[in-house]
Each structure stands twice: as structure tokens, then as C-alpha cells.
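1. here is the input, now give the coordinates:
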Amino acid sequence: MKTLGEKIKSIRKLNKLNQTDFSSTIGISQGTLSELEKDKYKPSLETVIALKLNFDIDLDWLLLDEAATFYSGLFQVKLDDLESKLISGFRKLDLGDKQEIEGIVDLKLKRYRDK
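-> Residues are numbered from 1 along each chain as shown. Model (predicted):
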């Protein structure tokens, strides 16, 4: 299980931001971010809210160490870290790249079904 600091660092890395840019986005100093990532102390409520608003993170995952939740219609599905990372990255792609990924997934699924 990742610590809170490791999760904050993974959010930053996933978004390809350095500490200066990431900390500016969530309204804290670079030094404070460094201390958070090292688990020297816990983030303030304002920092947690800024993480949610700016990076659309799952607060259950961040604070409760539960798998991220994906809501599909009436069903709630827990996502593991890899699934969350893939979905988060996918959302940042333009339409053409999303369609390319969809084609790759379709091909992989066809190969899997044909076995």
C-alpha cells in the first residue's frame, strides 16, 4: 500500500509535473510539497480539496487507501492502481489517440477470444 505522500507524488508524476508546477497548481510551496511527498506531515483540507478539483482524484483512494471507484450506471466497480492510471491517462488524450487505443484494445480482445 502506498503512503499518502507516495500517492501525492504519483499524482504529480502521472501528470508529468515538476514539484514547482504541481505545488503552484494546488496552492502550496514547493518545500511544503516536498515534505508532503516524504510523509513528514499530512496535507491540509485545502490541499486535499485542491488535489480533487485540479486532478479529479478519488478521495477514497487518497485518504482511505481504498481502490478508486468507477461508477457505471447503477453499478460501482473498484479499480486497481493500474486501471486508475490507465483511465486517468486515457482521459487526457485527444480523440484520435483515444480511437487508436480503442483499436489496440479491440485487437487484443479479439486475440484473447480466439485462443
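
2. so which residues of the chain form strands?
-> Assigned by DSSP state E, the strands in the chain fall at 68-72, 75-79.

3. which of these has the lowest mean pLDDT?
-> Taking the average pLDDT of each of the strands of the chain, the minimum falls on strand 68-72, with a mean of 52.

4. where does the protein dip in pLDDT?
-> 65-78 (pLDDT under 70).

5. export the longest helix anywhere in it as CSV, just CAs?
-> Across the chain, the longest stretch assigned as helix under DSSP state H is helix 95-113. Output in CSV follows, covering the C-alpha atoms of helix 95-113 (Å, rounded to 0.1, in the frame of the first residue of the first chain):
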residue,chain,number,x,y,z
LEU,A,95,-10.0,11.9,-29.8
GLY,A,96,-7.6,10.5,-32.4
ASP,A,97,-5.4,8.9,-29.8
LYS,A,98,-8.4,7.6,-27.9
GLN,A,99,-9.6,5.9,-31.1
GLU,A,100,-6.2,4.4,-31.7
ILE,A,101,-6.1,3.0,-28.2
GLU,A,102,-9.6,1.6,-28.7
GLY,A,103,-8.4,-0.2,-31.9
ILE,A,104,-5.5,-1.7,-30.0
VAL,A,105,-7.8,-2.9,-27.2
ASP,A,106,-10.2,-4.4,-29.7
LEU,A,107,-7.4,-6.3,-31.4
LYS,A,108,-6.0,-7.6,-28.1
LEU,A,109,-9.5,-8.7,-27.0
LYS,A,110,-10.1,-10.5,-30.4
ARG,A,111,-6.8,-12.3,-30.0
TYR,A,112,-7.7,-13.3,-26.4
ARG,A,113,-11.2,-14.6,-27.5
